[in-house]
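S.K.: Need a 3D model of the following:
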Amino acid sequence: MSFSKKRPFLVGVSLLAMPVLSSAPLHAQTASSSVDSNVDQAPTGAKAASDGDIVVTARLRNESLMDVPVAITALNAQKIEQYKAADLTDIGSLVPNVIVSDYKINGGGSLSIRGISSPATQIGFEQPVSVSIDGVQTSAGRVAMLGFFDLGSVEVMRGPQALFFGKNSPAGVISVTSAGPTRQFEFGGTLSYEFAGREMVGEAHVAGPISDSLGGRLAVRYRSMGGWLHNNAGPIANPYYDPAVLPAGTAILPGRSSKRIGEHEWMGRATLEFDNGGPFTASAKLFATRYNGDGAGAFAQNIGPCAADGKPRSYGNVDPYGDCRPDDQTSYGDIPDVVAAAMPRGGGDGRARDHMTAYIGSLNLKYDFGPLMLTSITGYVRHDYFYLSALDQTVYGGLVVLEDNSLESVSQELRLASDFDGPLNFFLGGYYQHSKDDLYNNALITPYVFYGLAGNGRYDAYEKVADLVSDTISVFGQMSFDIADNLELAGGLRYTHEKRTTTNRNLYGFGPFNTANTIFPGSTDPTPGVLAGSFSDNNVSPEVTLTYRPSSSLTTWIAYKTGFKSGGFALTSPMQSTARLSDIDFDSETVKGGEVGLRGDFGAFKFNATAFLYDFKDLQATVYNPVEVRYVISNAGKLKQRGVEFDAQYDIAPGFEVHGALAYVRNRFHDYIGQCYAYTYAAGTLPADANPPPGCSFLDPGKSLVLQQDFEGTVPARSPDLTGSFGASYEGDVGANMIFGLSADAYYSDSYNASDARSPGGAQASFWRYNAGVRVGAADKRWEVALIGKNLTNKHYLLFAADRTGGATIPGAGEQRGAVARGREVNLQFSFKF
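M.R.: Reported below is the predicted structural model:
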């Protein structure tokens with residue numbers, strides 16, 4: 001195709017430079033108004049085709065949803081904007097069986113599909129859900145922190161996707177595709193305000209042709225939030241203060257620096273697409289974001305269980321400002337400036353703070369040889385995250401961490417696909433990725449005690465640097481054969497070679513963290529104080545699918561699938577003199593099994609149904625031991641997954657539709673004995689007189705109080721058995737030139753435990769959530785005003801939980817820190833485009 005009207009686009013770019021706060025329209029582009037989808041936006045993503053079909057890219061090519069033998073939920077731009085889904089946590093809340101938590105510290109976040117996830121507590125652990133952003137894949141948990149905007153589509157693919165998406169996708173894939181250039185000049189914007197969190201968002205985009213063969217799109221977003229989480233921490237006397245030992249500046253702990261946990265975020269994306277009507281097309285996209293917040297400790301709050309007074313404790317000291325339940329309240333103290341000044345990178349500012357800068361770039365090149373299509377996708381991902389924050393979720397700052405983490409990754413994929421007229425076709429590809437994770441970690445554990453003991457002017461327990469270098473090479477291919485006009489057999493496999501190396505050392509350590517002269521068992525580097533290791537693995541993941549299409553309205557399939565997530569090393573673990581390489585390494589996890597699916601489209605009525613059974617082996621697990629200040633890292637034996645999913649939509653009348661979804665997924669561990677949650681016995685308790693806490697047992701009964709947990713038959717973290725949703729939407733004319741719309745949705749989740757150690761404090765009861773919206777605007781979509789409500793019953797449910805440092809000092813189960821879902825949101829939004 002060709003582009004035209006170059007000048008209006010250039011004028012629009014100039015308009016964006018003006019101080020106009022505006023944003024993308026509520027109804028984003030459909031295929032009929034965007035650049036030719038043959039540019040293959042690596043991949044282009046789900047969108048409405050001209051005939052009303054949904055086009056998806058689950059097999060790395062544009063196909064009608066009806067033709068794809070994959071369990072998939074496709075969200076178009078209108079659905080995403082309907083409830084202002086602005087990050088993966090929001091997107092996950094719209095799809096049953098998906099839970100995404102933004103954890104900020106350590107691994108950054110956790111992503112779960114069908115109840116399969118990895119803990120967010122380790123840098124080095126990748127997630128079993130791969131996220132593809134404009135064709136560039138990442139499985140780092142830090143992706144859960146990224147905001148998204150100006151999207152064209154989101155596809156959630158459930159179950160192993162190794163053949164087309166490679167390693168680190170045994171649970172599924174979330175494919176995010178941004179909006180592309182339009183055939184004609186377009187300038188649009190949105191301004192919104194959310195009342196509970198005092199959140200203002202402004203977005204703007206300009207798109208259109210630059211020349212006959214080149215189209216462009218430029219989009220920007222700014223978000224400022226006062227904060228939905230209230231910080232009640234006030235000044236308090238330091239319980240450890242001794243004027244003979246500690247500086248006067250530590251006598252009073254400062255409490256909070258702001259009453260609300262605020263955030264500020266800038267984002268931008270530039271897109272260029274080339275298509276002169278010839279065999280060569282190209283697409284280039286660059287996304288950049290900058291985030292500033294009030295500290296990583298704000299990611300979570302104390303959720304108990306606590307003593308009878310309902311107050312949290314830090315090493316036995318009662319926090320009068322805190323509570324012990326998931327809500328919109330927290331107690332989260334800064335540290336004195338004099339303490340920050342003693343930290344090597346503290347800068348003399350004890351105010352809790354965090355910031356992240358991230359870049360994602362993609363270059364997609366395609367050459368059409370007629371019956372063959374050659375595609376090249378080059379990807380670049382970088383994020384840099386810094387925080388200084390107390391992490392014990394109390395006013396005292398019993399654990400303070402300054403962390404600086406950066407990840408840089410480059411990847412290259414080549415694909416060759418055939419489109420012969422005959423019954424036999426093929427798909428071949430190769431993939432290479434190189435990445436490096438760098439970590440600087442400075443931890444203060446009961447800093448005022450350490451200051452007096454060390455006697456050297458330092459409050460910290462240790463100062464650590466670590467890195468993890470990864471190289472991945474894979475080749476993959478598939479052959480498909482049309483047995484008959486309505487019967488297709490496809491089979492393929494992916495071979496992956498993974499190599500990882502790590503180096504860890506403490507720049508400083510006191511007491512058990514003094515490792516300057518330690519030679520670590522298993523280390524590949526004999527240098528004292530250095531813990532190094534190398535890991536490599538080879539994997540072959542086959543897949544076979546038989547697809548039957550008895551009519552244009554019905555598709556059914558049966559598939560055998562496998563998946564793989566690479567092993568490696570955990571960087572977050574503190575290094576003590578007793579450490580060994582086996583304390584931080586872990587093996588690869590694998591999955592194999594099958595599914596049968598049925599998809600129907602009968603005009604007004606559409607449905608999808610899937611039944612599946614998969615067996616996972618060696619799921620990567622880690623549990624924090626807050627007493628010993630270390631992570632227990634292991635592989636979790638076996639897990640059996642059995643389930644069914646169903647969703648449907650019925651168009652009752654023009655503009656009026658109802659929809660629903662229901663999923664039952666039964667995940668159960670087998671052959672897995674791991675770490676018990678934190679539990680404290682009263683002083684003087686003898687092993688012979690002690691009873692283990694619920695779900696746990698003694699490692700050496702009658703001789704030791706060391707606990708273990710047999711996970712046989714238990715449910716993994718963040719894995720509700722039953723989830724579902726139902727809702728309706730209506731859009732109709734109001735007069736000759738206006739439209740009016742209503743939407744309402746209800747979401748149900750069965751109970752689950754948000755803690756990988758299955759702590760009683762991490763238990764989440766079953767719950768409902770409700771969203772609703774009303775909007776009115778011009779019939780030609782030039783403008784729209786909307787009132788959007790999310791989580792209307794103000795349910796603060798748990799997304800993630802873990803044992804808390806300083807919370808296991810009184811008898812009973814230790815207190816938990818929890819990442820809690822945002823409560824009620826009420827957004828007033830104005831959108832326009834021309």
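
S.K.: which is the next helix or strand following the one helix or strand residue 657 maps to?
M.R.: Assigned by DSSP states H and E, residue 657 falls within strand 656-670. Using DSSP H and E, the helix or strand that follows strand 656-670 in sequence is strand 673-674.

S.K.: Give me the helices and strands touching that following strand, please.
M.R.: strand 707-710 (3 or more CB pairs under 8 Å, 6 or more residues apart in numbering; DSSP states H and E). C-beta here means a position set from N, CA and C on the backbone, and glycine is covered the same way.

S.K.: let's see it at 10 Å
M.R.: Secondary-structure packing of strand 673-674 (3 or more CB pairs under 10 Å, 6 or more residues apart in numbering; DSSP states H and E): strand 620-625, strand 630-635, strand 707-710.

S.K.: what about the second one, distance to the chain center?
M.R.: It refers to strand 630-635. With CA atoms, centre = their mean, to the nearest Å as the basis, strand 630-635 stands 21 Å off its chain's centre.

S.K.: can you give me the angle it makes with strand 620-625?
M.R.: On the basis of axes from the mean of the first three to the mean of the last three CA atoms, to 10 degrees, strand 630-635 is oriented at 160 degrees to strand 620-625.

S.K.: May I see the buried residues of strand 630-635?
M.R.: Across strand 630-635, burial judged by 16 or more other CB atoms under 10 Å covers 630, 631, 632, 633, 634, 635.

S.K.: can you redo those as a markdown table with pLDDT?
M.R.: Shown next, in a markdown table, are the buried residues of strand 630-635 (pLDDT from 0 to 100):
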| residue | pLDDT |
| --- | --- |
| 630 | 88 |
| 631 | 91 |
| 632 | 91 |
| 633 | 94 |
| 634 | 93 |
| 635 | 95 |
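
S.K.: the strands in the stretch 451-600 of the chain, which residues?
M.R.: 462-484, 487-509, 530-551, 554-565, 568-569, 585-586, 589-601 (DSSP state E, counting those that start in this stretch).

S.K.: Could you check the angle the third one makes with strand 589-601?
M.R.: Our comparison of strand 530-551 with strand 589-601, counting by the same axes, to 10 degrees, yields an angle of 20 degrees.

S.K.: just the buried residues of strand 630-635 now: which is nearest residue 97?
M.R.: residue 635 (23.9 Å; CB to CB).

S.K.: residues contacting the nearest residue to the closest one once chain neighbours are set aside?
M.R.: Leaving aside its sequence neighbours, residue 635 sits nearest to residue 618 (CB to CB, 6 or more residues apart in numbering; 3.9 Å). Listed by CB atoms under 10 Å, 6 or more residues apart in numbering, the contact set of residue 618 reads 565, 567, 586-591, 634-639, 672.

S.K.: mind running it again at 8 Å?
M.R.: Contact analysis of residue 618 by CB atoms under 8 Å, 6 or more residues apart in numbering lists 587, 588, 589, 590, 635, 636, 637.

S.K.: Spatially, which two of these are the most separated?
M.R.: 588 and 637 (14.1 Å).

S.K.: quick one, which of the strands of the stretch 451-600 of the chain is nearest to residue 75?
M.R.: strand 589-601 (16.7 Å).

S.K.: what bridges to the closest residue to residue 473 other than its chain neighbours?
M.R.: Nearest residue to residue 473, sequence neighbours excluded (CB to CB, 6+ apart): residue 497, at 4.8 Å. Beta bridges link residue 497 to residue 473, residue 538 when assigned by DSSP bridges.

S.K.: what do you get for residue 253?
M.R.: For residue 253, the beta-bridge partners under DSSP bridges are residue 236.

S.K.: Pull up the gap between it and residue 340, please.
M.R.: Distance, residue 253 to residue 340, by CB to CB, to the nearest Å: 13 Å.

S.K.: quick one, which of the two is more surrounded?
M.R.: Neighbours per residue (other CB atoms under 10 Å) separate residue 253 from residue 340, with residue 253 holding more: 25 against 21.

S.K.: does the more buried one really touch residue 396, like I thought?
M.R.: Yes: counting by CB atoms under 8 Å, residue 253 does reach residue 396; the two are 6.4 Å apart.

S.K.: list residues touching both of the two?
M.R.: Here residue 253 and residue 396 have 236, 238, 333 as joint contacts, going by CB under 8 Å, 6+ apart.

S.K.: From those residues, pick the one nearest residue 501.
M.R.: Of the shared contacts of residue 253 and residue 396, the one sitting nearest to residue 501 (CB to CB) turns out to be residue 333, at 38.8 Å.

S.K.: Taking the centroid of the chain, which residue is nearest it?
M.R.: Residue closest to the mean C-alpha point of the chain, counted by CA atoms, centre = their mean, is residue 144 at 3.0 Å.

S.K.: And for that one, nearest residue in space, chain neighbours not counted?
M.R.: In space, residue 144 is closest to residue 109, 2.6 Å off (CB to CB, 6+ apart).

S.K.: The one you found contacts residue 103, correct?
M.R.: Yes: between residue 109 and residue 103 there is a contact at 5.0 Å, judged by CB under 8 Å.
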